[in-house]
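In: all I have is the shape, not the residue letters:
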């Protein structure tokens, strides 16, 4: 089963000085018995500045060696402070240079993918100028990723990327084999959804989340699964829906619990393992019946 853990799951421990990149790697391997891992760049960057500076080459090689010693696959690096679009051209260029430094780091670390956000903030509007720039950059980065044997792309994480229509427009325009989406299941905001004069219900929200996942499913190459989805009544259905749409990648827990993070992540991982197994069993049973 393809399971991983996202680095943000231990952000509180990182901030408290109780976990660094090396203890994180060892925890995922030894405590949770996993051979795959996601990184969040806060664990190996100088985050004291607006654009987080990546670690030097010696540190990156030590991190790579720690992974190799444990025969671990670095499935994804989620990079903050290197998003593509900003209205200020000088800021855009600085972000671009920072993105290039993280792509180089990914190549040293032998990562399988890199998440670079399309934008940091915004009202969800995707202008023609922003679209053209974002598409051009993702193509450029995907060309480089092709040479390095990995893929690059956005997450439904911030700004306009929280609207599935925007990610569909971007993905259709990029159209590159080394581009993909890191899907945070159900992390969507709705636009133009008619509820009449009533407020959206929990059922409405669940339907919108499932539909957003479906709209982008053809480009999804990695996932983050949060605590809300893990505990949802329809969790198995949501996971199954993505599998039925062709997804066969890793499922990574991203759950920054308020306290007792080691046990909380372990519990979430076990539940995710159960959900994915239930979907696989359901699929096998359906195939057996159809035979």
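Out: In hand now; what should we look at? Model, not experiment: these values are computed from the prediction. Numbering: from 1, shown residues only.
In: list the buried ones in the one helix or strand residue 12 maps to?
Out: Counting by DSSP states H and E, the element that carries residue 12 is helix 11-15. By neighbour count, with 16 or more other C-beta atoms under 10 Å as the criterion, the buried positions of helix 11-15 are 11, 13, 14. Using the backbone N, CA and C atoms, a C-beta is placed for each residue, glycine as well.
In: surely the second one touches residue 261?
Out: Yes: between residue 13 and residue 261 there is a contact under C-beta atoms under 8 Å: 5.5 Å.
In: possible to save the buried residues of helix 11-15 as JSON lines with pLDDT and distance to residue 205?
Out: Shown next, in JSON lines, are the buried residues of helix 11-15 (pLDDT from 0 to 100; distance: C-beta to C-beta, whole Å):
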{"residue": "11", "pLDDT": "97", "distance to residue 205": "25"}
{"residue": "13", "pLDDT": "97", "distance to residue 205": "30"}
{"residue": "14", "pLDDT": "97", "distance to residue 205": "31"}
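In: picking up where we left off before, show me how far the helix holding residue 12 is from its chain's centre.
Out: Put simply, helix 11-15 sits 19 Å off its chain's centre (C-alpha atoms, centre = their mean, to the nearest Å).
In: who touches that helix?
Out: Contacting residues not belonging to helix 11-15 are listed as 19, 20, 24, 40, 42, 43, 256, 257, 258, 259, 261 [C-beta atoms under 8 Å, 6 or more residues apart in numbering].
In: and those as a markdown table, adding secondary structure, pLDDT and distance to residue 62?
Out: Listed next are the contacts of helix 11-15 as a markdown table, based on DSSP: H, G, I helix; E, B strand; the rest coil; pLDDT from 0 to 100; distance: C-beta to C-beta, whole Å:
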| residue | secondary structure | pLDDT | distance to residue 62 |
| --- | --- | --- | --- |
| 19 | coil | 97 | 16 |
| 20 | coil | 98 | 11 |
| 24 | helix | 98 | 13 |
| 40 | strand | 98 | 18 |
| 42 | helix | 97 | 17 |
| 43 | helix | 98 | 13 |
| 256 | coil | 95 | 25 |
| 257 | coil | 95 | 28 |
| 258 | coil | 94 | 31 |
| 259 | coil | 92 | 30 |
| 261 | helix | 96 | 24 |
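In: may I ask which two of these are separated the most?
Out: Greatest spacing in the contacts of helix 11-15, by C-beta to C-beta: 20 and 258 (20.7 Å).
In: quick one on the thing from earlier: nearest to residue 140, of the contacts of helix 11-15?
Out: For the contacts of helix 11-15, the nearest to residue 140 is residue 40 (23.5 Å; C-beta to C-beta).
In: what bridges to that closest one?
Out: Beta-bridge partners recorded for residue 40 (DSSP bridges): residue 78.
In: how many neighbours does it have?
Out: Residues lying near residue 40 (other C-beta atoms under 10 Å) number 23.
In: ok, the one 5 residues further on next?
Out: For residue 45, the number of neighbouring residues by other C-beta under 10 Å comes to 23.
In: for the remainder of this discussion, apply numbering that starts at 59.
Out: Happy to do that; since the first residue is 59 now, the last one works out to residue 103.
In: how close does the residue nearest to it when sequence neighbours are not counted get to residue 200?
Out: Closest residue to residue 103 apart from its sequence neighbours, by C-beta to C-beta, 6 or more residues apart in numbering: residue 110 at 4.0 Å. Taking C-beta to C-beta, to the nearest Å as the measure, residue 110 falls 22 Å from residue 200.
In: try residue 325
Out: Residue 325 is 37 Å from residue 200, by C-beta to C-beta.
In: please apply the same query to residue 86.
Out: 28 Å.
In: would you mind confirming that residue 305 makes contact with residue 278?
Out: Yes: counting by C-beta under 8 Å, residue 305 touches residue 278, with 5.6 Å between them.
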